[in-house]
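Chemist: Build the 3D model from these lines:
(one chain, ligands or ions: 3)
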Amino acid sequence: MYQATQSAFILTSRGAGFLTTRRIKSFKCFVIGAVIINLLLFLSLAWKNAPRSPLSDVMNAGLLDVASNNNPNEIQPKRPFELGLPKGGASLEATSGWTIQEQEAVRKSACSYRTAVYMNNKHIDLNLPPFVHHVKSMTCLEGGEIAIFDDKFVKFNNVIIDSSKITNLRKGGEKMEDVWNQSEDEEYLKLEPGFFKASCLNPPVFNFPPADHLLEWAKSLQCYTANETVLSQYPLFTGTTLAIQRYEYVNLYHTMTDFYNAFVLMLIFGVPPSKLNILAVDAHPEGALDPVWKTLFGKFFRAGHLKEPTVFENLVWGLLGYFSPLNEHERTEVPYLTEFREFFLTRHNISTDHAINCDRLNVVIIWRRDYVAHPRNPKGSVVRKFDNEEEIVQQVKETLGPGANVQGMQLDNMLMQDQLHVIAKTDILMGMHGAGLSHILFLPATSGVIEFKPEYSNPALQHFKAFAYWRKLPYTIWHNYDTNNEKEFHKTYIPRDIVKKTVTEIFQEICKTVR
Ligand SMILES: *[C@@H]1O[C@H](CO)[C@@H](O)[C@H](O)[C@H]1NC(C)=O
Ligand SMILES: *[C@@H]1O[C@H](CO)[C@@H](O)[C@H](O)[C@H]1NC(C)=O
Ligand SMILES: *[C@@H]1O[C@H](CO)[C@@H](O)[C@H](O)[C@H]1NC(C)=O
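Modeler: Numbers count the residues shown, from 1 in each chain. Ligands and ions are numbered 1, 2, ... in the order given. The predicted structure is shown next:
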């Protein structure tokens with residue numbers, strides 16, 4: 001329900017007055033930018049020459065949980081993942097009117113972004129909504145030290161993060177068993193002013209939408225004066241760090257919105273995946289999806305684990321998961337999903353190729369089972385389970401014939417790499433409404449999807465219909481409205497003829513051109 005409200009909000013949040021303010025701001029920014037460009041050059045040179053500790057020392061000096069989070073084996077996919085600039089560097093377009101010569105200086109500005117990148121030698125134009133609107137509405141402040149992208153995400157140069165300004169009892173990353181029954185509220189950081197310090201004369205004016213945690217982050221942001229602050233006294237995190245606050249951190253659907261947002265920001269800022277560090281500004285205990293962050297991107301660590309004030313060379317305040325285009329199910333398109341699939345699979349060393357064989361279809365049925373995933377559900381009760389798992393498997397086999405490879409699997413207790421290994425070769429994905437169906441994003445382009453919903457499930461929830469639609473995959477849904485099919489322990493009986501009908505329908509769709 002929260003999500004639906006959020007999506008509706010996004011559509012109405014761009015008033016005319018808002019845009020006018022924005023234009024004035026951009027103009028001001030341009031003037032200030034032009035005046036301060038020399039100063040910026042000077043500062044960036046001064047910064048370059050300042051003594052700095054190597055990253056590995058900082059990791060050891062600045063973090064409490066080095067052993068668990070500082071993986072000495074930098075993750076390298078078999079096919080190296082590559083991200084580059086198009087030739088000529090033509091993609092730097094912070095503000096129109098800057099000349100080629102100025103681009104060298106501008107490169108150090110927080111206000112630069114890419115309009116195109118190469119990913120695995122493929123050219124991607126970053127010209128699609130909604131992100132193209134976010135970058136085009138960028139406001140450049142403080143001579144390029146702060147860039148506000150449409151009040152959706154923000155990039156800073158040289159932010160000091162002071163974790164002593166966190167008032168929470170727990171710092172995050174605990175074992176689940178140590179924090180049973182901890183309230184969700186305790187897992188969101190309460191930040192005193194000065195948690196974030198940016199180089200500015202006046203704290204920027206943000207217009208973040210209501211309910212965005214960036215409102216809280218903005219309240220904790222103070223300015224330091226660049227000419228009076230010796231940054232080299234602090235440990236330094238070089239490169240780009242994406243700060244995020246995660247919601248529903250063990251839920252694959254919601255975490256997918258965070259993964260996707262991080263992926264697109266990685267493209268926009270032109271950072272290679274292993275060089276994009278992820279800073280969790282939350283106090284969630286350890287979750288089963290935490291390791292996926294480290295596989296996809298660079299280091300993953302928690303703000304509560306920084307031992308002393310630390311400088312982040314480039315810090316991005318990320319786009320809130322609920323505000324991701326992936327969570328706006330009424331959208332007709334979500335950009336870069338093919339690239340996101342390739343990124344996600346490649347980073348897990350999984351091949352993106354699959355040739356469908358309609359005589360030997362691979363069918364995966366996702367089993368939802370009771371499973372302890374977070375401290376607020378110690379019994380691990382899960383709703384929307386199948387009542388007749390074996391019968392469903394039998395019926396799918398009968399419908400598709402002996403060549404079909406039909407497997408029922410509980411995906412959420414498998415390693416992500418093992419899940420993807422299966423999904424990347426799955427021709428028909430079936431499952432009850434649930435986060436596991438987020439794997440639709442990783443299916444081959446020739447696959448189809450069957451979703452089931454119990455009587456008590458809200459028909460307005462269109463998460464996976466939307467995912468399949470955006471990926472142009474055949475999709476069908478059966479929603480039970482017969483009370484007799486609802487059994488105890490939230491199990492739903494799926495009649496054989498329904499299995500046969502839905503599987504036949506999807507089979508005909510995916511195999512109509514191939515056969
Ligand atoms: C992918 O393969 C590389 C090289 O063999 C290895 O170092 C890396 O750990 C693998 N990644 C994953 C997620 O298994
Ligand atoms: C957690 O809460 C449940 C129900 O409120 C209670 O039965 C259980 O003993 C609590 N567990 C711990 C470790 O406090
Ligand atoms: C630093 O810059 C600020 C703002 O421009 C100025 O007010 C202050 O006097 C400067 N301090 C020094 C030591 O130059």
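Chemist: Just give me the neighbour total for whichever residue of the stretch 151-300 of the chain sits closest to ligand 1.
Modeler: Of the stretch 151-300 of the chain, the residue with the smallest distance to ligand 1, taken as C-beta to the nearest ligand atom, is Thr295 at 4.6 Å. Any C-beta I mention is one placed from the backbone N, CA and C, and that applies to glycine too. Other residues near Thr295 number 18, with proximity taken as other C-beta atoms under 10 Å.
Chemist: and the next element down the chain from the helix or strand where it lies?
Modeler: If you go by DSSP states H and E, Thr295 is part of helix 290-296. Using DSSP H and E, the helix or strand that follows helix 290-296 in sequence is strand 300-302.
Chemist: per-residue confidence averaged over that following strand?
Modeler: For strand 300-302, the mean pLDDT works out to 96.
Chemist: Any idea how far that strand is from the middle of the chain?
Modeler: 15 Å (C-alpha atoms, centre = their mean, to the nearest Å).
Chemist: Next: stretch 279-299.
Modeler: Worked out by C-alpha atoms, centre = their mean, stretch 279-299 lies 11 Å from the chain centre.
Chemist: List every C-alpha atom in that stretch, with coordinates, as PDB.
Modeler: Provided in PDB are the C-alpha atoms of stretch 279-299 (Å, rounded to 0.1, in the frame of the first residue of the first chain):
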ATOM      1  CA  LEU A 279      27.600   2.600   2.100                       C
ATOM      2  CA  ALA A 280      24.600   1.300   3.900                       C
ATOM      3  CA  VAL A 281      23.300   4.200   6.000                       C
ATOM      4  CA  ASP A 282      21.000   1.900   8.000                       C
ATOM      5  CA  ALA A 283      21.300  -0.500  10.900                       C
ATOM      6  CA  HIS A 284      19.700  -3.600   9.500                       C
ATOM      7  CA  PRO A 285      21.200  -6.800  10.800                       C
ATOM      8  CA  GLU A 286      23.000  -9.200   8.400                       C
ATOM      9  CA  GLY A 287      20.700 -10.300   5.600                       C
ATOM     10  CA  ALA A 288      20.900 -13.000   3.000                       C
ATOM     11  CA  LEU A 289      21.100 -10.500   0.200                       C
ATOM     12  CA  ASP A 290      24.000  -8.500   1.600                       C
ATOM     13  CA  PRO A 291      26.700 -10.500  -0.200                       C
ATOM     14  CA  VAL A 292      25.000  -9.700  -3.600                       C
ATOM     15  CA  TRP A 293      26.000  -6.100  -3.100                       C
ATOM     16  CA  LYS A 294      29.700  -7.100  -2.900                       C
ATOM     17  CA  THR A 295      29.400  -9.300  -6.000                       C
ATOM     18  CA  LEU A 296      27.700  -6.600  -8.100                       C
ATOM     19  CA  PHE A 297      29.700  -3.600  -6.900                       C
ATOM     20  CA  GLY A 298      32.800  -2.800  -4.900                       C
ATOM     21  CA  LYS A 299      33.100  -2.700  -1.200                       C
END
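Chemist: Pull out the buried positions in it.
Modeler: Neighbour counts over stretch 279-299 (16 or more other C-beta atoms under 10 Å) mark 279-290, 292-299 as buried.
Chemist: and the gap between the residue of the chain found nearest ligand 3 and Glu187?
Modeler: Closest residue of the chain to ligand 3, C-beta to the nearest ligand atom: Asn227 (3.8 Å). Computed as C-beta to C-beta, to the nearest Å, the Asn227 to Glu187 distance reads 39 Å.
Chemist: between those two, which one's more packed in?
Modeler: Higher neighbour count among Asn227 and Glu187: Glu187, with 23 against 9, using other C-beta under 10 Å.
Chemist: wait, doesn't the more buried one sit right on Gly172?
Modeler: Yes: the pair Glu187 and Gly172 passes the contact test of C-beta atoms under 8 Å, sitting 7.3 Å apart.
Chemist: Overlap in contacts, those two.
Modeler: Here Glu187 and Gly172 have 282-285 as joint contacts, going by C-beta atoms under 8 Å, 6 or more residues apart in numbering.
Chemist: how about those in JSON lines, adding pLDDT?
Modeler: Below are the shared contacts of Glu187 and Gly172 laid out as JSON lines (pLDDT from 0 to 100):
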{"residue": "Asp282", "pLDDT": "95"}
{"residue": "Ala283", "pLDDT": "94"}
{"residue": "His284", "pLDDT": "95"}
{"residue": "Pro285", "pLDDT": "95"}
